[in-house]
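Asker: Sequence and predicted structure below; questions after.
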Amino acid sequence: MTHPNFAYFEGEIVPYSKAKVGVATHALNYGTGAFGGVRGYWNEDEEQLFVFRPIDHFKRLLNSGKLLRATYEHTPEDLTAITLELLRKEAYRQDCYIRPLIYKADEKIGVRLHDLKDEITIFSIPFTRYIENDENASVGFSSWQRVDDNAIPARGKITGSYINSALIKSDAMLSGFDEALVLNQNGHVSEGSAENIFMVRNGKLITPSVTENILEGITRRTIMMLAQDELGLEVQERAIDRTEVYVCDEFFMTGTAAQVTAITKIDNRPVADGKMGSITAQLKQMYDDLVRGRIEKFRYWNEPVYVREPAKS
Ligand code: PMP
């Protein structure tokens, strides 16, 4: 990975080499931060970089901040404007990933959330695929349990809680799977290490509800809307049993990084005939068109980075 050239740090855009924190920083010691993950998509025909749903990503980031008792003057609109400026400085002509991070910045000892300075930083990197074989990935159930809302709320994208995801992901990969599924305290299927999950059963699209210790994914919301409005599917949010996924017709994961990743094997059992299903394939294609600004009616979700001169008449 090449490192970023610039970062938004302590209120201004600076060369990346200047965006540094001390080793005593609270968030580094106690995991008292929260982050986001946003993508920028290059549209070759229009020679434009589109950031996907930045306002929704920044709203979620500030909500994660609320869980951490963090207060900010920035609005989602301010943070979007800063991101666009940062991307213009990077001058990308390729897909990229944007990482905003809020963190307790005091260099102080003492576990707590209150009476600490809150900072925000943003950087970006060039990015392509997160899961290589996104048309036929395999997953296994993790022996780890998803963090519970009463331990560390999964609806916040809290840095410290990503130890849970890291345990899940490494064990899955070192066991030969591409990703993992994780159960919550009730034994229901919650999500992947960094993805929401969907299954197709009897023509319905089913995904765990937001009370199943999931991150409330923006890709999840996008896919639910596409399935309902564009494919006319019934979408249900409900608890999913472990063995339901062994007998489902299609299964896929969603996330800003993972996009739409088809899962064709679960615990070494083929999902249906072991090939990407047709609903998954349609949603995957539609999502790619949407994020690159190719669907006119959803262009309000595509934030252009570069300012274009109007064509001369
Ligand atoms: N669950 C977890 C635990 C995640 O880290 C992510 C990635 N942000 C997701 C789900 C998917 O969320 P989104 O679609 O907003 O990227």
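Answerer: Arrived safely, thanks for sending. Numbering: from 1, shown residues only.

Asker: contacts, neighbours, all on C-alpha from now
Answerer: Noted.

Asker: pLDDT score assigned to the residue in the stretch 1-150 of the chain that the ligand sits nearest to?
Answerer: Closest to the ligand within the stretch 1-150 of the chain is residue 37: 5.8 Å, counting by Cα to the nearest ligand atom. Note on residue 37: pLDDT of 98.

Asker: Give the closest residue to it in space, chain neighbours not counted.
Answerer: Leaving out its chain neighbours, the residue that sits closest to residue 37 by Cα to Cα, 6 or more residues apart in numbering is residue 99, at 5.1 Å.

Asker: And residue 55, by the same measure?
Answerer: residue 76 (5.3 Å).

Asker: From what I see, the one you found and residue 60 are in contact.
Answerer: No: under the criterion of Cα atoms under 8 Å, residue 76 is not in contact with residue 60, lying 9.1 Å apart.

Asker: Show me which of those two is the more surrounded one.
Answerer: residue 60 (22 against 18; other Cα atoms under 10 Å).

Asker: that's a strand at the more buried one, yeah?
Answerer: No: inclusion of residue 60 in a strand is not indicated when DSSP: H, G, I helix; E, B strand; the rest coil is applied; the result is helix.

Asker: buried stuff in stretch 69-82?
Answerer: 70, 76, 79, 80, 82 (16 or more other Cα atoms under 10 Å).

Asker: Can you read off the pLDDT for the first one?
Answerer: So the one you mean is residue 70. 96.

Asker: residues contacting it?
Answerer: 113, 114, 118 (Cα atoms under 8 Å, 6 or more residues apart in numbering).

Asker: Phi, psi for the residue lying closest to the last one once chain neighbours are set aside please.
Answerer: The shortest distance from residue 118 to any residue other than its chain neighbours is 4.8 Å, reached at residue 104 (Cα to Cα, 6+ apart). Note on residue 104: backbone dihedrals following degrees, to the nearest 10 are phi -80, psi 110.

Asker: What is the neighbour count of residue 104?
Answerer: When neighbours are counted by other Cα under 10 Å, residue 104 comes out with 27.

Asker: which parts of the stretch 51-200 of the chain sit against the ligand?
Answerer: Where the stretch 51-200 of the chain comes near the ligand, counting by Cα under 6 Å from any ligand atom, the residues are 193, 194, 195, 196.

Asker: How about the last one: which residues does it bridge to?
Answerer: Right, the one you point to is residue 196. residue 254 (DSSP bridges).

Asker: For it, which residues are in contact?
Answerer: With Cα under 8 Å, 6+ apart, residue 196 has these contacts: 190, 214, 215, 217, 220, 253, 254, 255.

Asker: At the geometric centre of the protein, which residue do we find?
Answerer: residue 256 (3.9 Å; Cα atoms, centre = their mean).

Asker: Quick check: the gap between it and residue 38.
Answerer: From residue 256 across to residue 38, the span is 6 Å (Cα to Cα, to the nearest Å).

Asker: Quickly list what's touching both of these two.
Answerer: By Cα under 8 Å, 6+ apart, no residue touches both residue 256 and residue 38.

Asker: Please list the residues outside stretch 170-190 that contact it.
Answerer: 131, 137-148, 168-169, 191-193, 196-197, 208, 212-214, 239-242.

Asker: Cool, thanks, talk later.
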